[in-house]
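Student: Any chance you could fold what I've pasted below:
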Amino acid sequence: MRVDARVQFISDADWMTCAAPLDMPSLRGKPCYAGLDLSQTTDMSALVLYWPHDGSVAPFFWLPEEGLLDRDRKEGGHYRAWRDAGLLETTPGKAINFKAIIHRLAEIRARYDLVTVAYDRAFIKSFNARCEEEGVRLPLKEYGQGFVSMSPAVQLLEAAVLDRKIHHGAHPILRWQLSNVAVELDSAANRKLSKKRAIGHIDGVVSLLMALAIAEQPQPAIDIAALIG
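Tutor: Sure thing, here's the model as predicted:
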């Protein structure tokens, strides 16, 4: 039987020791791996890029444009400030629009050596259909969200932070989401992040875990768009 618990993950102090700024121009041509956590209708979607050669971590976040003021009021957040600072991308209307995410990924692939995009299977069918409509093909690879898949990823992130082998530029949304994390244990002490027990969005942290894990064991990606095309 599973045992659920609120377990300390990574402290803010440890996280901020890895806050060195990113040098994005220097990353061109270097292999990078991504984790993509898509959302339903009004929730946040996240993409995190990871360059294993130097530990650079670059996150991207999306929300629908309409409703940001209500989110700030209800959640005590800083969504409009993050948007105005260029830290949060918004899509027109009240519902998340995968088109903006697809175009951003296409730009990233054109600029950097994007090897694999690991994804959670939720909402991927809609995403792939939109990719086909936009004529964009991406190196997508499914990454499981269960204890067996996610526990090694949790360990990878912990070790990378404690050994200061990553640097994330102190991105405020990713920092905030890390503070929201709740870790779930099973009876064998395997760990994964629990969205149900989290106290707020954790999409960026989930994306980072997938990116780290897929970079650790890179495999040829399956171009799903090509298969269904």
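Student: pLDDT weak spots in this structure?
Tutor: Within the chain, the segments meeting pLDDT under 70 span 1-8, 218-229.
Student: residue contacts, the residue nearest the centre of it?
Tutor: Residue closest to the average C-alpha location in the chain (C-alpha atoms, centre = their mean): Ser207, at 2.5 Å. Shown in contact with Ser207 (C-beta atoms under 8 Å, 6 or more residues apart in numbering): 34-37, 46-48, 59. To be clear about C-beta, it is placed using only N, CA and C from the backbone, and glycine gets the same treatment.
Student: Hmm, Asp12 and Arg175 touching each other?
Tutor: Yes. Counting by C-beta atoms under 8 Å, Arg175 sits close enough to Asp12 to count as a contact (7.2 Å).
Student: In terms of neighbours, single out the busier of the two.
Tutor: Each of Arg175 and Asp12 has its neighbours counted (other C-beta atoms under 10 Å); Arg175 has more, 16 against 11.
Student: how much space is there between the nearest residue to the more buried one once chain neighbours are set aside and Gln217?
Tutor: Closest residue to Arg175 apart from its sequence neighbours, by C-beta to C-beta, 6 or more residues apart in numbering: Trp15 at 6.5 Å. Distance of Trp15 to Gln217, computed by C-beta to C-beta, to the nearest Å: 24 Å.
Student: Pick out whichever of these two has more residues nearby.
Tutor: Between Trp15 and Gln217, Trp15 has the larger neighbour count (other C-beta under 10 Å), namely 18 against 7.
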